[in-house]
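**Q** Structure for this input, please:
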Amino acid sequence: MGYTSLVKSFRQDFYPLVCQIPEGRVSTYGALARALGSERAARAVGKMLNENPRPVEVPCHRVVMSDGSLGGYGGGIEEKKRLLEEEGIRIKNGRVKEFEHVVFESFVSDKPLKRLREEQKRVKEKVAVQESGIGFSSVAGVDVSYSNNRAYPALSLWDHENKEEIDVFTTEIDVEFPYIPTFLAFRELPCLLEILEKVEDQPDVVMVDGNGVMHPDGIGLASHLGVETGMATVGVAKSKLCGDLVDEIDREKGKMLSEVRDNGKLIGHALLEGKRAKNPIYVSPGHGVSHDQAVQLVKSYCRYKVPDPIRRAHIEATKRRKKDER
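**A** Reported below is the predicted structural model:
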């Protein structure tokens, strides 16, 4: 199954799982996340349940918290309670009585997130962390703003020698995949591919608001984008998903750059740069660049905490979203 099919089938795989919960039983957000293949998906489970297109028929009212409390429900908590009690579930003080006897976790599932993890492993084998061998004439920054399941990607294109913005591109696209930590590429990559199609003269390197190889599985959004397009890419993230800093970041002591290593392996750098920066950003190669090349590129654009091309893309993506929301 190809990348696009894997993404599009995810929601189609989810709602039949909910339908496996028998009448007179309840399950939990965590159990459904495990059935999908990763406990990291628990919040996404809640979001997809809230977006359930066929309430009652797809019995999302049978999904409760792991401690037996009822949790949320699109139709209101009293309606959820009524539906459960009609099915024989006893509730007291907002919790399912004898929870351990009625909880259902025996889902039959091929764990679609494990399929996606296998896809990540396949892509990872193609990632090249190495000096590109060419100079960069043009640099792009990309970011995506969201409103529910509508995405607003933007790309800011810069002349690298003069550090001047050349052009800005924005678009909008429906997204089918929910946000799940470490699976961001499956939500955001279609958005980035869509915005890159609008650029006639493709940039030499793309800075991505997300991780490159500084990722628990070594394959963040920037790496996905690089392999998919063959472009040089750099990941610039605001939080650290994995690894340990070698040096303490302290502006007053002049410690503004630190290697980040995972089990001794260099996976990126923490960088504190720019006059407004209080916390570091995390820079790692996506594809087709070296660690040093990635750091030097990002540093050259950090007037503020986030490098200018990504900062401008963020501003334009937000502007496009707010215009559409009016």
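
**Q** Just name the shakiest helix or strand of this structure by mean pLDDT.
**A** Every helix and strand of the chain was ranked by mean pLDDT, DSSP states H and E. The lowest is helix 3-18, at a mean of 78.

**Q** and residue 100, how far is that from residue 66?
**A** 11 Å (C-beta to C-beta, to the nearest Å). All C-beta spots, glycine's among them, are computed from the backbone N, C-alpha and C.

**Q** Comparing the two, which residue is more hemmed in?
**A** When neighbours are counted by other C-beta atoms under 10 Å, residue 66 comes out ahead of the other of residue 100 and residue 66, with 13 against 7.

**Q** got a pLDDT number for the more buried one?
**A** Note for residue 66: predicted pLDDT of 94.

**Q** With residue 316 instead?
**A** Residue 316 is given a pLDDT of 97.

**Q** tell me the contacts of it?
**A** Taking C-beta atoms under 8 Å, 6 or more residues apart in numbering, we find residue 316 in contact with 154, 156, 168, 170.

**Q** surely the second one meets residue 307?
**A** I take that to be residue 156. No: with contact defined as C-beta atoms under 8 Å, residue 156 does not count as touching residue 307 (10.1 Å).

**Q** what about the helices in the chain?
**A** 3-18, 29-36, 42-50, 77-86, 99-102, 112-124, 184-196, 221-229, 291-299, 308-325 (DSSP state H).

**Q** Give the closest residue to the residue nearest to the spatial centre of the chain in space, chain neighbours not counted.
**A** Centroid-nearest residue in the chain, with C-alpha atoms, centre = their mean: residue 184, separated by 2.5 Å. What sits nearest to residue 184 in space, not counting adjacent residues and going by C-beta to C-beta, 6 or more residues apart in numbering, is residue 221, at 5.0 Å.

**Q** what about stretch 269-282, start to end distance?
**A** Stretch 269-282 has an end-to-end distance of 6 Å (C-alpha to C-alpha, to the nearest Å).

**Q** got the contact list for it?
**A** With C-beta under 8 Å, 6+ apart, stretch 269-282 has contacts from 211, 214, 235-240, 245, 249, 251, 256-260, 268, 283-284, 291, 294-295, 298-299, 302-306.

**Q** If any of those residues are buried, put those into a ChimeraX selection.
**A** Command for ChimeraX that selects the buried part of these, burial taken from 16 or more other C-beta atoms under 10 Å:
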select :211,214,235,236,237,240,245,249,256,257,258,259,260,268,283,284,291,294,295,298,299,302,305,306
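
**Q** Which of the contacts of stretch 269-282 fall in strands?
**A** When the contacts of stretch 269-282 are checked against strands (DSSP state E), the matches are 235-237, 245, 257-260, 268, 283-284.

**Q** quick one: which of these is nearest residue 178?
**A** Relative to residue 178, the closest of the ones in strands among the contacts of stretch 269-282 is residue 237; by C-beta to C-beta it sits at 19.3 Å.

**Q** So the closest one versus residue 284, what's the distance?
**A** In terms of C-beta to C-beta, residue 237 sits 8 Å off from residue 284.

**Q** what sits against the nearest residue to residue 203 once chain neighbours are set aside?
**A** Distance criterion C-beta to C-beta, 6+ apart; nearest residue to residue 203, sequence neighbours excluded, is residue 140 at 3.8 Å. When contacts are counted by C-beta under 8 Å, 6+ apart, residue 140 touches 155-158, 199, 203, 205-207, 309, 313.

**Q** sorry, back to before: if I look at residue 156 and residue 307, which residues touch both of them?
**A** Joint contacts of residue 156 and residue 307 (C-beta under 8 Å, 6+ apart) are residue 141.
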